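Visitor: next one to model:
(2 chains)
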Amino acid sequence: MVDQAQKEFRTRDLLYSIALWFLSWLIPDPQLHYRREYKFKKRDLFYLSAVLVFPLIWPDPHIHHLMVLAGIHGILALGLTLFLGYAGQISLGQAAFFGVGAYTTAVLTTRYGLPSFLAFWASAIMAAIFALLIGKPLLKLKGYFLALATLGFGEIFLVLVRENASLTGGVIGIFNIPFFSFAGFTFDTYLKQYYLIWGVLTGLVLFSKNLVRSKMGRACLAVASSEEGASALGIDVAWIKLGVFTVGAAFAGLAGSLFASVMSTANPETFSLNLSVLIVMMVVLGGMGNLYGPIAGAIFLTVLIDRLSRYQEYSLPLYGVILILLLIFFPDGIGTRLRVRLIYLISYFGRKKRREKVNL
Amino acid sequence: MKKIGWIMLAAFMFTTWMTPGYAAKTSPYRIGVNLELTGPWAEVTKTLKNAMMLEVERINKAGGIQGRPLELIFEDNGFEVGRAAANMTKFTRDKEILLVVGPFEDNLQATTRAIAEREKITNIIICPSNPMVRDLKQQWAFNIAQSDIIVSQKLVDLVLARKYKKVMVFHGAWPLAQSLAEYFKQFGEEKGIKVIVSPETHKPTDIDMTPQLTKIKPVLEKEKVDAFYACTGGPPGPMITKNLRALGIKTPVLGTHAFGFGFIIALGGEAMEGVEFPSAKPVVFDQLDENDPAKPININFDKRWRERYGTPSDQIAGYGYDTIGLIEDALKRIKGKVTRSSFREAFENTKGFKGTHGIYQFSSTGHDGLSKKDMVFVRIEGGKFKRIQFPGFD
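Guide: Residues are numbered from 1 along each chain as shown, chains lettered A, B, ... in the order given. Next comes the predicted model:
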């Protein structure tokens, strides 16, 4: 009876498989990095065209603004996922590198009148230098100790910013940072900023895709699974960790530079622990083992927080409850488990019908 | 049966389609409110929100402004720059929204002010303090509260009246406290007072100031300082006074206008006796002069506040009252179509609006409403705020 019920073909099964086929386009594949080489696939083209077309089919400045913020968070989360998701190390200091980038742009453009295009690259370099300097001693630590040490770096950065009032403006911060401009073209509306930031993000995703499939990316995965094993294979563990940490910090520096020019302010309150935790949350919620997951997490959390704003003082409890529920039902992240969950959901009704048949 | 369903649907669609045209005459004036309803400022902004809602209810009960009610639309920004800016764009995009109130804290104001200038919408700021923000050329942003310049000038008056020669400043590490300290030093030195700004600072989250004060103590004793200025706000105020007294320092303590809350005395207890500060009028509204226009307004507002919320009103609630009052006043003066720009014109031409804090005057060059006359001196005596007066300094 059971076997017969399962073999029986029904027309609505066709409907389910169409839905599944469509889903396979949309949802990132968690197994991607096990494949030998990477080719530009239909899915990537789909994402790219979605990013390009989205603001045109939804011409709402507020949504553009939200997506600008989501893109900045996405760059931060992408930088962190290389370190957290691929190399298996935890860092709570991402906000500090973000701050280094923002302050580099702020100081260079307002105090020294440098063009923002140069300041943009200087921010990445500055953040990378900071990461090299502190990463050398810090990355000898493991697990919780590394988390604590990076947390400490975040706090030290805030103290440095608050106390060096002559350079950073102290607690008051820096205002009137000009918009990003390149070759006489100023990114002054949210639509232009959207394309700027998502363009940068696309470039960084391509970079990360190649990085993950390079020798270094493979070494990262080896380090994440076992440091001793990796070093036995001849991988320079310390160097790999430092390299990924620096790349992640450079990403954060770029994001910081963009944030400073979009918001036109740099203020120590922005780069506190809250932001670091939010970014870790984006990476964890989005899914650690892939590159699109953290970006999905960044978009999701940014939009969620904005939607919750209307609930005023209840926004925080609601936010907490939603996060807890998501982590219970999607423990591997919304980007990773979504495929499995949706397959389960779609097949659920079919199975239910079948169960009833069997019982009768 | 199906046919009836279709007819009802059509009728429903028809009526909903008709509604906007019908409702246009009485559609409310919408006001966006962008506040830190969660995070470290949640308590303060809640008071502000309650006060604004109380006032809007009163206006709407009385039939609104020229038949149109007011409507407040609240958005929480969680004390984050990005969210405050996103809320601001959300409001500016919504064509129904006439103006935006907030954010409260000055860290978030620079960005929203820039958006207000760009998108041409009035942005009313409750608590202006940031000197760099004030330097920006502002057309669309207006400030409600007493600025740090006024508070510092009033405090210098207090020091002169008390004939103190040397004052030690111990300020907090946030923009308002820092600029208060800087202006006090500037104005004090113009009047011949020696001001020593302590290199030690404190954060709003510090619950014990003994380490900093132990370092300051030798300086206090060596320089024979006449008064100690606790340039801070919130819980650190009573903490500083308590720790000072515990260390055996008897120097008189001066405070800022942020000392005028009931919880300050409750936290500080005995140690708060004798603390003096320049204060906003709602703190001691029952002790104001008989001819002061703020007195009856405060008494009336306090009565309504107690009826509704069961607690005494405070100066933050007063800001809420004044904000809505100013908006109502400006809306009433608009002749012709109410738009964002005509509202701004009307608001800028506010002359002599009487609120709980005093008399508001705006002009094209001055977007700070209050002046030094709208502050009084207050001393804490017997666990209560007591107004003190000095001849020639009021």
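
Visitor: next to chain B, which bits of the stretch 51-200 of chain A? Give me the list.
Guide: Contact residues, the stretch 51-200 of chain A versus chain B (CB under 8 Å from any CB of the partner chain): A:60-62, A:65-66, A:69, A:162, A:169-173, A:175-176, A:190. For every residue, glycine as well, the C-beta is placed using N, CA and C.

Visitor: give me the buried entries from those residues.
Guide: Buried subset of those (neighbour count, 16 or more other CB atoms under 10 Å in any protein chain shown): A:61-62, A:65-66, A:69, A:162, A:169-173, A:175, A:190.

Visitor: in helices, which of the residues of the stretch 51-200 of chain A next to chain B appear?
Guide: When helices are assigned by DSSP state H, the members of these inside them are A:Pro61, A:His62, A:His65, A:Leu66, A:Leu69, A:Arg162, A:Tyr190.

Visitor: can I get the residues you listed in a markdown table including pLDDT?
Guide: Putting those into a markdown table (pLDDT from 0 to 100) gives the following:
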| residue | pLDDT |
| --- | --- |
| A:Pro61 | 85 |
| A:His62 | 87 |
| A:His65 | 90 |
| A:Leu66 | 92 |
| A:Leu69 | 93 |
| A:Arg162 | 86 |
| A:Tyr190 | 87 |
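
Visitor: farthest-separated two in those residues?
Guide: By the measure CB to CB, these have their two most distant members at A:Pro61 and A:Arg162, which lie 33.8 Å apart.

Visitor: could you list the contact residues of the stretch 251-360 of chain A toward chain B?
Guide: Where the stretch 251-360 of chain A comes near chain B, counting by CB under 8 Å from any CB, the residues are A:259, A:263-265, A:267, A:269-270, A:274, A:305-306, A:308-313, A:315-316.

Visitor: try it again with 6 Å
Guide: By CB under 6 Å from any CB of the partner chain, the residues of the stretch 251-360 of chain A that approach chain B are A:Met263, A:Ser264, A:Thr265, A:Asn267, A:Glu269, A:Thr270, A:Asp306, A:Ser309, A:Gln312, A:Glu313, A:Ser315, A:Leu316.

Visitor: which stretch of helix or strand covers the last one?
Guide: Secondary structure from DSSP states H and E places A:Leu316 in helix A:315-329.

Visitor: off-centre distance for that helix?
Guide: In this view, helix A:315-329 has its centroid 19 Å away from the chain centroid, taken as CA atoms, centre = their mean, to the nearest Å.

Visitor: B:Asp157 and B:Phe393 touch, don't they?
Guide: Yes. Because the distance of 4.8 Å satisfies CB atoms under 6 Å, B:Asp157 is recorded as touching B:Phe393.

Visitor: and these two? Which one has more around it.
Guide: Set side by side, B:Asp157 and B:Phe393 show more neighbours around B:Asp157, with 20 against 12, by other CB atoms under 10 Å in any protein chain shown.

Visitor: so which elements touch the helix or strand hosting that one?
Guide: Here B:Asp157 is covered by helix B:148-162, with elements defined by DSSP H and E. Applying 3 or more CB pairs under 6 Å, 6 or more residues apart in numbering or on different chains; DSSP states H and E, one finds that helix B:148-162 contacts helix B:175-190, strand B:276-280.

Visitor: and among these, the most buried is which?
Guide: strand B:276-280 (a mean of 25; mean count of other CB atoms under 10 Å in any protein chain shown).

Visitor: what's in contact with the helix or strand following it?
Guide: Counting by DSSP H and E, the element after strand B:276-280 in chain order, helix or strand, is helix B:294-309. Contact with helix B:294-309 is made by B:Leu54, B:Lys281, B:Pro282, B:Phe285, B:Leu288, B:Ser313, B:Tyr321, B:Thr356, B:Gly358, as judged by CB atoms under 6 Å, 6 or more residues apart in numbering or on different chains.

Visitor: and the last one, its phi and psi?
Guide: The reference is to B:Gly358. For B:Gly358, the backbone dihedrals (degrees, to the nearest 10) come out as phi 140, psi -150.

Visitor: okay, it: pLDDT?
Guide: B:Gly358 carries a pLDDT value of 91.

Visitor: for the stretch 1-150 of chain B, what lies in contact range of chain A?
Guide: Taking CB under 6 Å from any CB as the criterion, the contact residues of the stretch 1-150 of chain B with chain A come out as B:37-38, B:74-76, B:81-82, B:86, B:89-90, B:93, B:107, B:110-111, B:114, B:132.

Visitor: check those for the minimum pLDDT and say which it is.
Guide: For those, the pLDDT minimum is B:Met132, 60.

Visitor: quick one: the helix holding B:Asp157 to strand B:276-280, angle?
Guide: Using axes from the mean of the first three to the mean of the last three CA atoms, to 10 degrees, the interaxial angle of helix B:148-162 with respect to strand B:276-280 works out to 140 degrees.

Visitor: ranges for the strands of chain A?
Guide: For chain A, the strands defined by DSSP state E cover A:181-182, A:185-186.

Visitor: tell me the most buried of these?
Guide: Between those, the one whose residues have the most neighbours on average, counting mean count of other CB under 10 Å, is strand A:181-182 (a mean of 14).

Visitor: now tell me what touches it from outside.
Guide: Outside strand A:181-182, the residues within contact range by CB under 6 Å, 6+ apart are A:Ser116, A:Phe117.

Visitor: in its sheet, what does that strand sit against?
Guide: Each strand that pairs with strand A:181-182, with its direction, by DSSP bridges: strand A:185-186 (antiparallel).

Visitor: isn't A:Glu313 up against B:Gly39?
Guide: No. With contact defined as CB under 6 Å, A:Glu313 does not reach B:Gly39; the gap is 10.2 Å.

Visitor: and for the two, which residues touch both?
Guide: With contacts defined as CB under 6 Å, 6+ apart, no residue is shared by A:Glu313 and B:Gly39.

Visitor: now B:Gly355: closest residue in space that isn't a chain neighbour?
Guide: Nearest in space to B:Gly355, with sequence neighbours left out and distances taken as CB to CB, 6 or more residues apart in numbering or on different chains, is B:Asp322 at 3.5 Å.

Visitor: okay, now the one you found: neighbour count?
Guide: Other residues near B:Asp322 come to 28 when the count uses other CB under 10 Å.

Visitor: where's it relative to chain A, distance?
Guide: Here B:Asp322 is placed at a distance of 22 Å from chain A (CB to the nearest CB, to the nearest Å).
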